[in-house]
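> need coordinates for the below:
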Amino acid sequence: MSSARGLFRLHLGVGALAVGTVALSATVAARAVEFAAPSFSEVVTLCRQALVPSLDLNRVALLVLAGLSALVVFRAVRSAVRQLRATRRFLRALCVVGCIETLPGTVLVDDPRPRAFCAGYLRRRIYVSTGTLALLSPAQLKAVLAHEEHHARSRDPLRMLVAQTLADAAFFVPVLRRSCERHAALAEVAADDAAVRVSGRRGPLAAALLAFDAHGGPAGVAPERVDHLTGRRSGWDVPARDVVNGVATIAALAVVAAATALTSAAGGLTVASVALSGCTIMVVSFPVFSALAAAQLLQRRRMA
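Purely as a prediction, here's the structure:
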């Protein structure tokens, strides 16, 4: 996959499958549980069951589906909030001087370090530091601005927000993490191509990247961008095997949700009975985890 746009669509497709399957899991869990206070006879029955623990696979499946759904929602909200807050803190810390009259839509930042970037999700702007204006030649500056303008036109900040949120939320699909990183790299390559088209040659952009790297600019240029600018193709595709494994994981989760829906009557369980199953799982698994923790502690003492 050599296109940032194409990979983003694939990322959205796999992420949408994962989110849709989790939504199905949440619906199955919600429909199978009756949210009402238990009667006295139900409490007595539950207490009797607590004395002799037994696992109901159907209830265990409901607990897993409900827990996974809640975790996905939590991770999605946390990821989005973290990214939005980080961007807001970063932009507030900038010392904005004003706009550059000769460069419409470009914000000038008072910073001796060479910096140029696109920021903003709905209202995208290009930020250029005073250090950049002092360091680069007109041709190099033109190439850098063309690079950032492509990011703004492609809505790359918003795309990265969505891609990262999906990757963080659907943690059980590892390929989303890889495709998110791949999309970020391809977005830079696509912006480099736009800059080369505007400049008519690769030299100005390559020289600007080297100048940024030599004068304390952003983190070092990715080797893939260097290879691309020199005309060499990089072998950093997302393996098809990872995509197939990710889709298979989503399909397996969908099968579990569907099977649980077929075997669980609507409102056939109560919150108390499901909670009891959770307690039973904890009681059964406690000795196992305790043994593992003890073994790890003994191993550390031996190594010490």
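> and Leu141, helix, strand or coil?
helix (DSSP: H, G, I helix; E, B strand; the rest coil).
> thought it was touching Ala134?
No - using C-beta atoms under 8 Å as the test, Leu141 is too far from Ala134 to be in contact (10.4 Å). For every residue, glycine as well, the C-beta is placed using N, CA and C.
> which one of these two has more residues nearby?
Just comparing Leu141 and Ala134: by other C-beta atoms under 10 Å the higher neighbour count belongs to Leu141, 18 against 10.
> and the gap between the more buried one and Ala211?
Using C-beta to C-beta, to the nearest Å, Leu141 is found at 10 Å from Ala211.
> then Ala169?
Per C-beta to C-beta, Ala169 is found 39 Å from Ala211.
> for Val77, same thing?
40 Å.
> and the two? Which one has more around it.
Using other C-beta under 10 Å as the criterion, Val77 and Ala211 rank with Ala211 on top: 17 against 13.
> which residues does the more buried one contact?
Residues near Ala211 by C-beta atoms under 8 Å, 6 or more residues apart in numbering: 114, 135-136, 140, 217.
> what do you get for Thr165?
By C-beta under 8 Å, 6+ apart, Thr165 lies in contact with 76, 79-80, 83.
> what strand or helix carries it?
helix 156-169 (DSSP states H and E).
> would you agree Tyr127 falls within a strand?
Yes - the assignment for Tyr127 is a strand, going by three-state DSSP.
> test my guess that it contacts Ala119.
Yes - counting by C-beta under 8 Å, Ala119 is a contact partner of Tyr127 at 6.2 Å.
> hmm, back to that, dump the helix holding Thr165 to CSV, restricted to CA.
C-alpha atoms of helix 156-169 as CSV (Å, rounded to 0.1, in the frame of the first residue of the first chain):
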residue,chain,number,x,y,z
ASP,A,156,-3.8,15.1,7.8
PRO,A,157,-4.0,16.4,11.4
LEU,A,158,-7.7,15.2,11.6
ARG,A,159,-6.9,11.9,9.8
MET,A,160,-4.1,11.2,12.3
LEU,A,161,-6.5,11.9,15.2
VAL,A,162,-9.0,9.5,13.8
ALA,A,163,-6.4,6.8,12.9
GLN,A,164,-4.7,7.0,16.3
THR,A,165,-8.0,6.9,18.2
LEU,A,166,-9.0,3.8,16.3
ALA,A,167,-5.7,2.1,16.9
ASP,A,168,-5.8,2.8,20.6
ALA,A,169,-9.5,1.8,21.0
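> next SSE after the helix or strand containing Leu63?
For Leu63, the enclosing helix or strand under DSSP H and E is helix 57-92. For helix 57-92, the following helix or strand on the C-terminal side (DSSP H and E) is strand 96-99.
> who does that following strand touch, helix- and strand-wise?
If you count contacts as 3 or more C-beta pairs under 8 Å, 6 or more residues apart in numbering; DSSP states H and E, strand 96-99 packs onto strand 106-109.
> so where's the chain uncertain?
Along the chain, segments meeting pLDDT under 70 span 1-2, 29-59, 217-224, 226-227, 230-237, 264-296, 299-304.
> list the buried residues in the helix holding Thr165.
By 16 or more other C-beta atoms under 10 Å, the buried positions in helix 156-169 come out as 156-157, 159-169.
> and for stretch 69-89?
69, 72, 75-76, 79-80, 83.
> show me what the one helix or strand Ala185 maps to is packed against.
Assigned by DSSP H and E, Ala185 belongs to helix 175-199. Judged by 3+ C-beta pairs under 8 Å, 6+ apart, helix 175-199 is in contact with helix 4-32, helix 138-153, helix 156-169, helix 203-214, helix 223-229, helix 240-263.
> what's the closest of these to Leu176?
With C-beta to C-beta as the criterion, Leu176 lies closest to helix 156-169 of the helices and strands packed on helix 175-199, at 4.2 Å.
> quick one: that closest one to chain centroid distance?
5 Å (C-alpha atoms, centre = their mean, to the nearest Å).
> circling back: export the helices and strands packed on helix 175-199 to a markdown table and tack on distance to Val196?
Formatted as a markdown table, the helices and strands packed on helix 175-199 follow (distance: least, C-beta to C-beta, whole Å):
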| stretch | distance to Val196 |
| --- | --- |
| helix 4-32 | 15 |
| helix 138-153 | 8 |
| helix 156-169 | 17 |
| helix 203-214 | 6 |
| helix 223-229 | 8 |
| helix 240-263 | 29 |
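> so which of the ones you listed is nearest Leu297?
Proximity to Leu297 (C-beta to C-beta) singles out helix 156-169 among the helices and strands packed on helix 175-199, at 32.0 Å.
> tilt between the closest one and helix 138-153?
50 degrees (axes from the mean of the first three to the mean of the last three C-alpha atoms, to 10 degrees).
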